[in-house]
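S.K.: Below is the sequence, then the predicted model.
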Amino acid sequence: MRKLLVAVLFVFLSTSVGVVYADAVPGDTVITLGNDLNSAQKEQLVNKFNAPNAKTITVTNQEEHKYLDGLLSPSVIGSRSISSAMITIADAGNGIKVDTNNITWVSKAMYENALATAGVKDANVKVDAPFQVSGTAALTGIMKAFEVATGQKLDENRKQVASDELVTTAQIGQDIGDKQKAAELLTRLKAELSKQSAKLSDDQLRAMIKNVANQMGLQLTDQEVDSLVSILRKIQNLNIDWGKVLDQVSSYKGQIQDYLNNNPETKSMVQQLLTMLKNFIDQVLGWFNK
């Protein structure tokens, strides 16, 4: 028995060591630089970030392709890693706050949304490049920097969905000519998902998307609706608390709960269907009881 207890204790300690991470301290900063920047460009960006005590890492084009292949054509992703970022761990409750420079395709709110989906929380982020770039590839570096800063690995599936979300939202923003509206649309759709007590079918997701878009005065094409159905299906399959995740999106902090409170008609679609079914059954039973 004594040997058995020792063996169990040994196994417990051995397996426990592998999951112990260093605690992130507010103020800890990591800079991620595109691996294909030249020396002058790297120095320029480091000086702009102005964080002399920050740890500096690089992100390669291969790492960017890992999350973006299949979402964008190789020509759009490119063959060089240019986008760079700085992430600073913030106090609990701060949420994710993003500032950008020379980023043309992705808005601050899009980054905040995607980073929250990936599992990043309470961080201040600056995204920059020595010249104008789309900004899609920067997400990979930000996620990597957060992992280095906290000592914790983000879930790979969530990181992939976050990349898909960013590209989908950016494409819709380009199509409708309004990046902010596109980011707000996805945030509202996530808020709707947070209220559901069960997973929605594609038809239910499609109806929800059209309903929210109509409330915002947006006319989406069938292709745009289908792309949102695809990403929302992946988002709801993550099985995470979207209420807590949305609290991290600083661009809409406080607005989402107001939106839900002011739109009682957007209550759980599942609950609506169950209520309708119950009413129908009660009506049928009433016929037989007459």
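M.R.: Arrived safely. Note that the structure is a prediction, hence the values are computed from the model and not measured.
S.K.: all helices for the stretch 1-150 of the chain, in order.
M.R.: Using DSSP state H, counting those that start in this stretch, the helices of the stretch 1-150 of the chain run over 2-17, 39-49, 61-68, 74-77, 108-118, 138-150.
S.K.: Okay, strands next: where are they in the stretch 101-250 of the chain?
M.R.: Along the stretch 101-250 of the chain, the segments classed as strands by DSSP state E, counting those that start in this stretch run 123-128.
S.K.: mind showing which ranges of it have poor pLDDT?
M.R.: Counting by pLDDT under 70, the stretch 101-250 of the chain contains no low-confidence range.
S.K.: Could you rerun that using 80?
M.R.: 243 (pLDDT under 80).
S.K.: mind listing the helices in the stretch 151-290 of the chain by residue range?
M.R.: Secondary structure of the stretch 151-290 of the chain by DSSP H, counting those that start in this stretch: the helices cover 156-176, 179-194, 202-215, 222-236, 242-246, 255-261, 269-288.
S.K.: Out of the ones you listed, flag the one nearest L33.
M.R.: Judged by CB to CB, the one of the helices of the stretch 151-290 of the chain that comes nearest to L33 is helix 156-176, at 19.5 Å. Just so you know, the C-beta spots here come from the backbone N, C-alpha and C atoms, and that holds for glycine as well.
S.K.: contact partners of that closest one?
M.R.: By CB atoms under 8 Å, 6 or more residues apart in numbering, the residues outside helix 156-176 that reach it are 67-68, 71-72, 105-107, 110-111, 113-115, 117-119, 134, 136, 139-140, 143, 179-183, 185-186, 218, 220-221, 224, 227-228, 230-231, 234-235, 238, 240.
S.K.: Write the PyMOL selection for whichever of those residues are buried.
M.R.: Buried residues among the contacts of helix 156-176 (16 or more other CB atoms under 10 Å), as a PyMOL selection:
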select buried, resi 67+68+71+72+105+106+107+110+111+113+114+115+117+118+119+134+136+139+140+143+179+181+182+183+185+186+218+220+224+227+228+231+234+235+238+240
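S.K.: How far away from the center of its chain is stretch 101-113?
M.R.: Averaging C-alpha coordinates over stretch 101-113 and over its chain gives two centres that are 12 Å apart (CA atoms, centre = their mean, to the nearest Å).
S.K.: Using CSV, write down the CA coordinates of that stretch.
M.R.: Taking Å, rounded to 0.1, in the frame of the first residue of the first chain, the C-alpha atoms of stretch 101-113 are listed here in CSV:
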residue,chain,number,x,y,z
ASN,A,101,-1.3,52.3,-37.5
ASN,A,102,-0.8,51.6,-41.2
ILE,A,103,-3.5,48.8,-41.0
THR,A,104,-5.9,49.2,-43.9
TRP,A,105,-8.3,46.2,-43.8
VAL,A,106,-8.8,45.3,-40.2
SER,A,107,-10.4,47.7,-37.6
LYS,A,108,-9.5,47.9,-33.9
ALA,A,109,-12.9,46.3,-33.0
MET,A,110,-12.2,43.4,-35.4
TYR,A,111,-8.9,42.7,-33.6
GLU,A,112,-10.6,42.9,-30.2
ASN,A,113,-13.4,40.5,-31.2
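S.K.: Not counting its neighbours along the chain, what's nearest V148?
M.R.: Nearest residue to V148 in three dimensions, chain neighbours excluded: V30, at 5.0 Å (CB to CB, 6 or more residues apart in numbering).
S.K.: what do you get for N94?
M.R.: The spatially closest residue to N94, leaving aside those adjacent along the chain, is D122, at 4.7 Å (CB to CB, 6+ apart).
S.K.: wait, what's in contact with that neighbour?
M.R.: Contact criterion CB under 8 Å, 6+ apart gives P26, I89, A90, D91, A92, G93, N94, G95, I96, Q248 as the residues in contact with D122.
S.K.: how close does the fifth one sit to T168?
M.R.: Summarising the geometry, the distance separating A92 from T168, computed by CB to CB, to the nearest Å, is 30 Å.
S.K.: between the two, which one's more packed in?
M.R.: When neighbours are counted by other CB atoms under 10 Å, A92 and T168 differ, and T168 comes out ahead with 22 against 8.
S.K.: quick one, phi psi at S81?
M.R.: As for S81, its main-chain torsions (degrees, to the nearest 10) stand at phi -100, psi 110.
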